[in-house]
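A.B. asks: Output the structure for:
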Amino acid sequence: MGADHTRPAPSAPPGVRRILVATVVPLFVVTVIAALVLWPRDSRQADGGAEPARHHGTVTRVVTEPCPPTPEAPPGAAEGPCGTVTVRVEQGPDSGQQVETPVPAGPGAPTVAVGDEVVLVQLTDPADPTATSYQIAEHQRGKPLVWLVALFAAAIVAFGRLRGLAALAGLGASFAILLTFVVPGIAAGGSPLLIAITGSALIMFVVLYLTHGITAQTSVAVLGTLGSLVLTGLLGSLATAATHLTGFGSEEATTLSMYQRDVDLHGLLLAGIIIGSLGVLDDVTVTQAATVTELAHANPGLSRTQLYRAATRVGRAHIASTVNTIVLAYAGASLPLLLLLTADSRPVSQILTSEFLAQEIVRSAVATLGLVAAVPLTTALAALVATAGRGPADDPARDPGPAPTPRPSADRDAALEALSASRPGGPPTPAPARWPDPERSTESAW
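C.D. replies: Residues are numbered from 1 along each chain as shown. Model (predicted):
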């Protein structure tokens, strides 16, 4: 594996680092204490006694046949498929034996062929506990998923090198926090909103510092992300209260309420908004902090206001594309729900204001508002940190006179004139390129 040749960010002055440490460390301590207080200690265990046993098997034979007519089906209606599937059982008490199962039928039933690796459900006859039968539930997906994850990890490490390896470690930490704290805490009856905010803050601290290093630039991104997360939570609470959303807008939420009646579905909706916003927020805040740092490093003569304006123009372009990303992400996840618009006979105004679609609109709008707020907040913090070490003489914004423009030395002017004169008929030597004026906006060209 080659070394990561990413140039490190310029070091902040000691006074700025002390202020960032005094701000970030207490926030991290509060987050850890909140996580310890909210950590699930009596998480409910699912009762698997009523669940049928599942075993792996391989299809060895498939026999299809016409389905017999049924009185309920209209004449000419197609049913099926019908027939039998022979499967070699690879687990359980019948391991190594060949068993026959009916061909899977019905909505969402898997289509099987010889050689397919499937999951068998072992059913017991209530009248005779010793009699068992098997049905095909689904395909085995372990091997394709392992190869896909391996390809994903290899591509990230090959392109990102050490930074990509750190990103994979951060991704693993995110899943660990979600699966060990957020999901069990909500399942145990905790407040979904408090658990989501605490879990998101914990993920943010771990992932950002692990991926981008413990630097002033990362600390700025952390503060910008945390502030935007709090704002997203407040806006989500106000929006769901104003639209009177209950959290029962999806079939999954309704099913969950049947199994766990004490789960706060309204809080669960807010938790989903916050966690869903985190992934896009840290992208924007890290980009803005890095943009300000690179501009200040490339041109130390930029004032704090110039840095803010130049980086904000980058943020506008980023937001314009990210807003579309958020809406399309929610639309893709809710595509079956959107297809109901074509099948529903109600007026469009009633469909848009119904619970199941209104909550998707609230998700997108609140996440976008939090994202928009993250740009000026993070950019202002980064510009403040980047120019904090300057004295009054170093800040062009405080100098009433015009900023001096560096000119080539006399020797260099003479050398350029001599070079131009030695090339008869040739074009004159162009003037040395200068740093573009950051106050000149390119928006007028559009």
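A.B. asks: does the residue most central in space within the chain count as helix, strand or coil?
C.D. replies: By C-alpha atoms, centre = their mean, the mean C-alpha position of the chain lies nearest to Gly279, the distance being 3.5 Å. Three-state call for Gly279 (DSSP: H, G, I helix; E, B strand; the rest coil): helix.
A.B. asks: Look up how far Met204 lies from it.
C.D. replies: With distances taken as C-beta to C-beta, to the nearest Å, Gly279 is found 10 Å from Met204. Placement of C-beta: from N, CA and C, glycine included.
A.B. asks: The helix or strand harbouring Val59: which residues count as buried?
C.D. replies: When elements are defined using DSSP states H and E, Val59 is found to belong to strand 53-65. Burial within strand 53-65, assessed by neighbour count using 16 or more other C-beta atoms under 10 Å, is assigned to His55, His56, Gly57, Val59, Val62.
A.B. asks: Next one, pLDDT for the residue nearest to the centre of the chain please.
C.D. replies: Listed pLDDT for Gly279 reads 79.
A.B. asks: ok, longest helix in this structure?
C.D. replies: The helix spanning the most residues in the chain, taking DSSP state H as the definition, is helix 142-177.
A.B. asks: what is the mean pLDDT for that one?
C.D. replies: The average pLDDT for helix 142-177 rounds to 92.
A.B. asks: And that helix, what's buried?
C.D. replies: Within helix 142-177, the residues that qualify as buried by neighbour count (16+ other C-beta under 10 Å) are 156-157, 160-161, 164-167, 170-171, 173-174, 177.
A.B. asks: Kindly report the same for stretch 295-307.
C.D. replies: Applying a neighbour-count criterion of 16+ other C-beta under 10 Å, one finds Leu295, Ala296, Leu302, Ser303, Arg304, Gln306, Leu307 buried in stretch 295-307.
A.B. asks: Tell me where the protein has strands.
C.D. replies: If DSSP state E is used as the criterion, the strands of the chain fall at 53-65, 82-89, 98-102, 117-124, 132-139.
A.B. asks: Pairing partners for the shortest one, with directions?
C.D. replies: With DSSP bridges as the test, strand 98-102 is paired with strand 82-89 (antiparallel).
A.B. asks: Now do the partner strand and strand 132-139, the angle between them.
C.D. replies: For strand 82-89 against strand 132-139, the angle between stretch directions is 90 degrees (axes from the mean of the first three to the mean of the last three C-alpha atoms, to 10 degrees).
A.B. asks: quick one: contacts of strand 82-89?
C.D. replies: Strand 82-89 is contacted by residues 55, 57-68, 95-105, 112, 118, 120, 134, 136 when judged by C-beta atoms under 8 Å, 6 or more residues apart in numbering.
A.B. asks: Please put the alpha-carbon coordinates of that strand into PDB.
C.D. replies: Taking Å, rounded to 0.1, in the frame of the first residue of the first chain, the C-alpha atoms of strand 82-89 are listed here in PDB:
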ATOM      1  CA  CYS A  82     -47.200 -25.200  -9.600                       C
ATOM      2  CA  GLY A  83     -45.100 -28.300  -9.100                       C
ATOM      3  CA  THR A  84     -42.400 -29.600  -6.800                       C
ATOM      4  CA  VAL A  85     -38.800 -28.700  -6.100                       C
ATOM      5  CA  THR A  86     -36.200 -31.200  -4.800                       C
ATOM      6  CA  VAL A  87     -33.700 -29.700  -2.400                       C
ATOM      7  CA  ARG A  88     -30.700 -31.200  -0.700                       C
ATOM      8  CA  VAL A  89     -30.700 -30.000   2.900                       C
END
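A.B. asks: In that strand, which residues are buried?
C.D. replies: Under the neighbour-count criterion of 16+ other C-beta under 10 Å, strand 82-89 has Val85, Thr86, Val87, Arg88, Val89 buried.
A.B. asks: With stretch 132-142 instead?
C.D. replies: Going through stretch 132-142 with 16+ other C-beta under 10 Å, the ones that come out buried are Thr132, Tyr134, Ile136.
A.B. asks: ok, so of these, who is nearest Val25?
C.D. replies: Sorting those by distance to Val25 puts Ile136 at the head of the list, at 55.5 Å, by C-beta to C-beta.
A.B. asks: For the closest one, give me the pLDDT.
C.D. replies: On the pLDDT scale, Ile136 gets 91.
A.B. asks: need the contact list for it.
C.D. replies: Each residue near Ile136 by C-beta under 8 Å, 6+ apart is listed here: Val85, Val87, Thr101, Pro104, Pro110, Val112, Val118, Val119, Leu120, Val121.
A.B. asks: let's go with 10 Å and repeat that
C.D. replies: Contacts here follow C-beta atoms under 10 Å, 6 or more residues apart in numbering; on that basis Ile136 touches 57, 59, 85, 87, 101-104, 109-110, 112, 116, 118-121.
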